[in-house]
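>>> what's the 3D shape of this:
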Amino acid sequence: MGKETRSGKSWTLTDVAFSRLLVWLATDQERAVEKYLRLREKLCIFFEHRGCPYPEELTDKTLDRVARKLAAGEEIEVSEPASYCYGIAHNILKEYWREPSRNSVSLDSQLSASDSYLAVANKSDALVDDKEQEFNFRHLEFCLSKLSPEDRELILAYYDGDHRDRINNRQQLSLKLGIPPGTLRIRALRIREQLYDCMIRCNRLHGEW
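Numbers count the residues shown, from 1 in each chain. Presented below is the predicted three-dimensional model:
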C-alpha cells in the first residue's frame, strides 16, 4: 500500500527505490538479493516473537521506509545494514502498538487465509467477527473477481502459505514467472493497491454485505 509522506502524498515502492535498497545491502546483485531475503525472514521473526499478528506487513513497512529514505537521496552510512533495519523495526513496532486500529483484520491476512477467491466468502463467517473491521471477505471476493486471471493467480500465490513458507514459495513463483524477486514484489504491491482501492469503494457503497 502507499505510505503517507510528510507532504501528504502517497509513496509506493518503485523499481528504482528497490534497486537502491539492494545496492545499499550489497554491491553484488546476487549477494544483495540473498541478504534481502535473509533480512526479510529475520525481521518477520522479530515481529512474530513480539506478538504481532501480521509480521510480514510490518516487515514490508520497515524495508519500505529504508527504501524511501534511500530513494529520496538520503545517505545511510552504516557498517551493518541489518542493524540499521532493526532500529527502524523497533520504531515501526512502537508505532504499531500505538495504533488504535491494530486489532482490525488486514487485507494481507485475508489474502493469506484464502485458498482461492471462491472460498473467501465461505471462510468469512469463521474468520471474521469484528463489526468494526476495515474489510470483509465478501468484498475481497468481489474485488478479486475484478482482477485479470493472471493478476488474481499471482496475488493469491504470493500470499499462499504461512509466512515462514512464503519466502520459498515466492522464490519459486519468481522463477516460474522469470522475473527478479524485487519485480515480483512490486507487481504484487500494485495488485494489492488495486484490491485496496476496490475494497474501500465497496465499504463506502455497501458497508457490511
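>>> just to check, Ile186 is in contact with Phe18?
Yes: contact criterion CB atoms under 8 Å: Ile186 and Phe18 qualify, at 6.4 Å. For every residue, glycine as well, the C-beta is placed using N, CA and C.
>>> more neighbours: which of these two?
Higher neighbour count among Ile186 and Phe18: Phe18, with 23 against 18, using other CB atoms under 10 Å.
>>> got a pLDDT number for that one?
Model confidence at Phe18, expressed as pLDDT, equals 89.
>>> in contact with it, which residues?
Residues counted as contacts of Phe18 (CB atoms under 8 Å, 6 or more residues apart in numbering) are 67, 182, 185-186.
>>> apply 6 Å and report the result again.
Going by CB atoms under 6 Å, 6 or more residues apart in numbering, Phe18 touches Gly182.
>>> let the chain start at 486 from now.
In the new count, where the first residue is 486, that last one comes out as Phe503.
>>> next one: it relative to Gln679, how far apart?
19 Å (CB to CB, to the nearest Å).
>>> same deal with Glu542?
Applying CB to CB to Glu542 and Gln679 gives a distance of 17 Å.
>>> how about Ile652?
24 Å.
>>> who has more neighbours, those two?
Neighbour comparison, Ile652 and Gln679: the larger count goes to Ile652, with 17 against 14 (by other CB under 10 Å).
>>> pretty sure Ala502 sits against Ala556.
Yes: counting by CB atoms under 6 Å, Ala556 is a contact partner of Ala502 at 3.8 Å.
>>> any weak-confidence spans in this protein?
486-495, 585-621, 648-649, 691-694 (pLDDT under 70).
>>> so where do the strands sit in it?
Ranges of strands in the chain, per DSSP state E, are 488-489, 495-496.
>>> how far off centre is stretch 633-647?
Counting by CA atoms, centre = their mean, to the nearest Å, stretch 633-647 is centred 13 Å from the centre of its parent chain.
>>> cool, thanks, signing off.
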